[in-house]
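Chemist: Fold the following.
(one chain, ligands or ions: 1)
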Amino acid sequence: MGVEVVVDGLSKSFGKQTIWRDVTLTLPPGEISVLLGPSGTGKSVFLKSLVGLLKPEHGRIVITGTDIVRCSEHKLYDVRKLFGVLFQDGALFGSMNLFDNIAFPLREHTKKGEAEIRRIVLEKMEMVGLIGAEKKLPGEISGGMRKRAGLARALVLDPEIILFDEPDSGLDPVRVAYLNQLIVDLNAQIDATFLIVTHDIGTARTVPDNIGMLFRRELVMFGPREVLLTSTEPVVEQFLMGRREGPIGMSEEKDAGQAAAELAALRAGGSSGTLGGPKGGGGTGIVPQLEPTPGLPIRRAVERRKDRVMQILHTLPPTAQDAIVNSLTREEQQHYGVFAGATQVQPPVQTATANHGPRPTPYPRTADLPQTEWQPQSGALTADDAPAAAPEPGRKRGWLRRGGEK
Ligand SMILES: Nc1ncnc2c1ncn2[C@@H]1O[C@H](COP(=O)(O)OP(=O)(O)OP(=O)(O)O)[C@@H](O)[C@H]1O
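Modeler: Residues are numbered from 1 along each chain as shown. Here you go, the predicted model:
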């Protein structure tokens, strides 16, 4: 099983430019999470911080008990070995054939012999559908193949955490669909923790277990996919629908008064703002999550997630609660003591019994930090949509209100 990544109160600036502040989230082990956000909101900076390439000024990133923001270089080197990273362009060496590119981390970081290296490289090339292309140079293959080669290279050291930086960039919609299926299939096979940064709404709606969003230098929300996909936050709806009307402007933010006027017009039905549509097809609401290709193992994360999410269900917004409960089978609803149509679920009763046998324990935590699966971060949602759990005292509430007067 992949490892948990705990991010706690993380802030990053370059000189006077704050990229994001007070980011808190937990990537649950083995689950797939997606990070969304308009261009320039610091998603790549976040990925680079997770692997220790950039140093945030405040906060912690705890991985297998080590805070990589403060640890020694030696310790950081050890933790980095847990990561595989798929960079946007695959980051392949142009003068090396695919075999040597994929073998590179093994030759660089291990003492394995060539026979073992060959076995591992061919195994990973098979996993990503590249068998037969060993001798090709990166310049001789398509963008999709380069991505898959980059993915094979990210896999050779058997990572526990894989970061994907815009895996869909530069690919046509069909190749994106294939790549999404490959990501889900890989997750089923290796059960590692995945974090995907993407602008592709189709990917965000169908691939992850959890979704987060960065906007206005803060993490707007992070939690089970149902929270963001049913959210009525203007910025979330605008992003998912790919429309011009809303808080997101051409450069990241828009004048608040203008955004409010646009939204009012949109609600009155006077706009054609979705013309053109978002990448990957837009839309809010829940659509079925991709499943592994038949014949592959089931995703073990799915069952673990179910238990985890049911334990925090009562803290989620009612629409997300409904969506989650509706996604359960009748037997599962009985097991968890919930029924479809019920919102405002009460905290789970520990004595619940079921045909499933004993309730599995929640996933093990490596850091003694509060559970942060879903948070509105520093901002409350719209007044009517506020979750049952109040933000911590002293935390700023109000990315919506700061200059927004919503
Ligand atoms: N090393 C750096 N030094 C100074 N500023 C940087 C550095 N790296 C990134 N930035 C700035 O941080 C901000 C966020 O950049 P980043 O690439 O993380 O955004 P992003 O959300 O990934 O954008 P996109 O979706 O367009 O890829 C940008 O203003 C960028 O100029």
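Chemist: where exactly do the strands run in this protein?
Modeler: Here the chain has its strands, by DSSP state E, at 5-14, 17-27, 32-36, 58-63, 66-67, 83-86, 161-165, 193-197, 210-215, 218-224.
Chemist: Nearest to the ligand, out of those?
Modeler: Smallest distance to the ligand across the strands of the chain (C-beta to the nearest ligand atom): 3.6 Å, for strand 5-14. C-beta: built from backbone N, CA, C; applies to glycine.
Chemist: Can you list the buried residues in that closest one?
Modeler: 5-8, 10-12 (16 or more other C-beta atoms under 10 Å).
Chemist: which stretches of the stretch 201-350 of the chain have low pLDDT?
Modeler: 250-259, 261-263, 265-285, 340-350 (pLDDT under 70).
Chemist: just to revisit the earlier point, save the buried residues of strand 5-14 as JSON lines, and put in pLDDT and distance to T41 too.
Modeler: Output for the buried residues of strand 5-14, formatted as JSON lines (pLDDT from 0 to 100; distance: C-beta to C-beta, whole Å):
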{"residue": "V5", "pLDDT": "97", "distance to T41": "19"}
{"residue": "V6", "pLDDT": "97", "distance to T41": "21"}
{"residue": "V7", "pLDDT": "97", "distance to T41": "16"}
{"residue": "D8", "pLDDT": "96", "distance to T41": "20"}
{"residue": "L10", "pLDDT": "97", "distance to T41": "14"}
{"residue": "S11", "pLDDT": "96", "distance to T41": "14"}
{"residue": "K12", "pLDDT": "96", "distance to T41": "12"}
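Chemist: restrict those residues to contacts with the ligand.
Modeler: Restricting these to those within reach of the ligand (C-beta under 6 Å from any ligand atom) leaves nothing.
Chemist: any idea which of those is closest to T293?
Modeler: V5 (26.8 Å; C-beta to C-beta).
Chemist: What parts of this protein come near the ligand?
Modeler: 14, 19, 37, 39-45.
Chemist: tell me the contacts of the spatially closest residue to V207 that is not a sequence neighbour?
Modeler: Among residues not flanking V207 along the chain, N180 sits closest, at 5.2 Å (C-beta to C-beta, 6 or more residues apart in numbering). Residues in contact with N180 (C-beta atoms under 8 Å, 6 or more residues apart in numbering) are 168, 202-203, 206-207, 290.
Chemist: can you check S11 too?
Modeler: Counting by C-beta under 8 Å, 6+ apart, S11 touches 18, 20-23, 56-59.
Chemist: For it, name its beta-bridge partners.
Modeler: H58 (DSSP bridges).
Chemist: one step back: would you list the buried entries among the contacts of S11?
Modeler: The buried subset of the contacts of S11 - by 16+ other C-beta under 10 Å - is 20-23, 56, 59.
Chemist: average model confidence for stretch 128-145?
Modeler: Stretch 128-145 carries an average pLDDT of 90.
Chemist: Start and end of that stretch, how far apart?
Modeler: Start-to-end span of stretch 128-145 (C-alpha to C-alpha, to the nearest Å) is 9 Å.
Chemist: Only the buried members of the residues of the chain next to the ligand: can you turn that into a PyMOL selection?
Modeler: A single PyMOL command selects the buried members of the residues of the chain next to the ligand (16+ other C-beta under 10 Å):
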select buried, resi 19+37+41+42+43+44+45
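Chemist: Of the residues of the chain next to the ligand, which belong to helices?
Modeler: 43-45 (DSSP state H).
Chemist: what is the orientation angle of whichever helix in the chain runs longest with strand 193-197?
Modeler: Under DSSP H, the helix in the chain containing the largest number of residues is helix 173-190. Counting by axes from the mean of the first three to the mean of the last three C-alpha atoms, to 10 degrees, helix 173-190 points 160 degrees away from the direction of strand 193-197.
Chemist: and helix 173-190 with strand 161-165, angle?
Modeler: Counting by the same axes, to 10 degrees, helix 173-190 lies at 170 degrees to strand 161-165.
Chemist: Report the mean confidence score over helix 173-190.
Modeler: For helix 173-190, the mean confidence score works out to 90.
Chemist: With just CA atoms, put it into PDB.
Modeler: The C-alpha trace of helix 173-190 is given here as PDB (Å, rounded to 0.1, in the frame of the first residue of the first chain):
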ATOM      1  CA  PRO A 173      -9.300  13.500 -25.900                       C
ATOM      2  CA  VAL A 174      -9.000   9.800 -26.900                       C
ATOM      3  CA  ARG A 175      -5.400   9.600 -25.700                       C
ATOM      4  CA  VAL A 176      -6.500  11.300 -22.500                       C
ATOM      5  CA  ALA A 177      -9.200   8.700 -22.100                       C
ATOM      6  CA  TYR A 178      -6.600   5.900 -22.600                       C
ATOM      7  CA  LEU A 179      -4.200   7.500 -20.200                       C
ATOM      8  CA  ASN A 180      -6.900   7.900 -17.500                       C
ATOM      9  CA  GLN A 181      -7.700   4.200 -17.800                       C
ATOM     10  CA  LEU A 182      -4.000   3.400 -17.600                       C
ATOM     11  CA  ILE A 183      -3.700   5.500 -14.400                       C
ATOM     12  CA  VAL A 184      -6.600   3.700 -12.800                       C
ATOM     13  CA  ASP A 185      -5.200   0.300 -13.900                       C
ATOM     14  CA  LEU A 186      -1.800   1.200 -12.500                       C
ATOM     15  CA  ASN A 187      -3.400   2.200  -9.200                       C
ATOM     16  CA  ALA A 188      -5.100  -1.200  -9.000                       C
ATOM     17  CA  GLN A 189      -1.900  -3.000  -9.700                       C
ATOM     18  CA  ILE A 190       0.500  -1.100  -7.400                       C
END
